[in-house]
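Undergrad: Sequence and predicted structure, then a few things I'm wondering about:
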Amino acid sequence: MRHAIHSDDPRLPAWFVERVIPEPNSGCWLWLGSINGDGYATYGRPRGEPKTVHRLVLGILEPLIPGLTVDHLCVTQICVNPGHLEQVTAAVNTHRRQLRNNVCHLGHPLTDDNVMRKVRTTRSGGSRIERACLACHAERNRAYRAMKAVVS
Ligand SMILES: [Zn+2]
Ligand SMILES: [Zn+2]
């Protein structure tokens, strides 16, 4: 189920709203609290197990179905906007991940002429190739220049 929800919705608890900053471009609600080792927003009650916030908040709005995973439609792990979350089966989640590997987070196709490859060294000493979207890169440059033009 997709939720269209505003951050001042009365169903959202104060502990949640206080730690969220809406990102105007993507509509993501970025989590300002703790992040776990997997890069997801966590919220721990005293003596309680820390829980991932995207599951907690979706659980407030709809029953969580055992066995399903909560997928980030926006592919932003620290986003906790319920409108960007959806319960899906593991198979659907994996399938979406594969599709997403061929587009950037804004949906630009990561074809050879739209991709910048960078070799990164991993902590274990190996290397991996990272792909960056050229369309996004150009967009960021444009936004930066526009901002500078206003300031100067
Ligand atoms: Zn999001
Ligand atoms: Zn892009």
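TA: On my side now, so go ahead. Ligands and ions are numbered 1, 2, ... in the order given.

Undergrad: quick one, domains of the chain?
TA: 14-100, 112-151 (automatic domain parsing).

Undergrad: And those domains: which comes nearest ligand 2?
TA: Ligand 2 lies closest to domain 112-151 among the domains of the chain, at 3.2 Å (CB to the ion). C-beta coordinates here come from the backbone N, C-alpha and C atoms, glycine included.

Undergrad: how long is that closest one end to end?
TA: Taking CA to CA, to the nearest Å, the first and last residues of domain 112-151 lie 36 Å apart.

Undergrad: from the middle of its chain, how far away would that domain be?
TA: How far domain 112-151 lies from its chain's middle: 18 Å, per CA atoms, centre = their mean, to the nearest Å.

Undergrad: Over to stretch 86-104?
TA: With CA atoms, centre = their mean, you get 13 Å for stretch 86-104.

Undergrad: does ligand 2 sit close to it?
TA: Yes: looking at stretch 86-104 against ligand 2 by CB under 5 Å from the ion, the contacts come from C104.

Undergrad: can you pull the buried residues of that stretch?
TA: E86, Q87, V88, N93, R96, C104 (16 or more other CB atoms under 10 Å).

Undergrad: now for the residues you listed, which pair is the farthest apart?
TA: Q87 and C104 (24.6 Å; CB to CB).

Undergrad: Would you agree P22 is in contact with W29?
TA: Yes: contact criterion CB atoms under 8 Å: P22 and W29 qualify, at 5.3 Å.

Undergrad: Many thanks, I have nothing further to ask.
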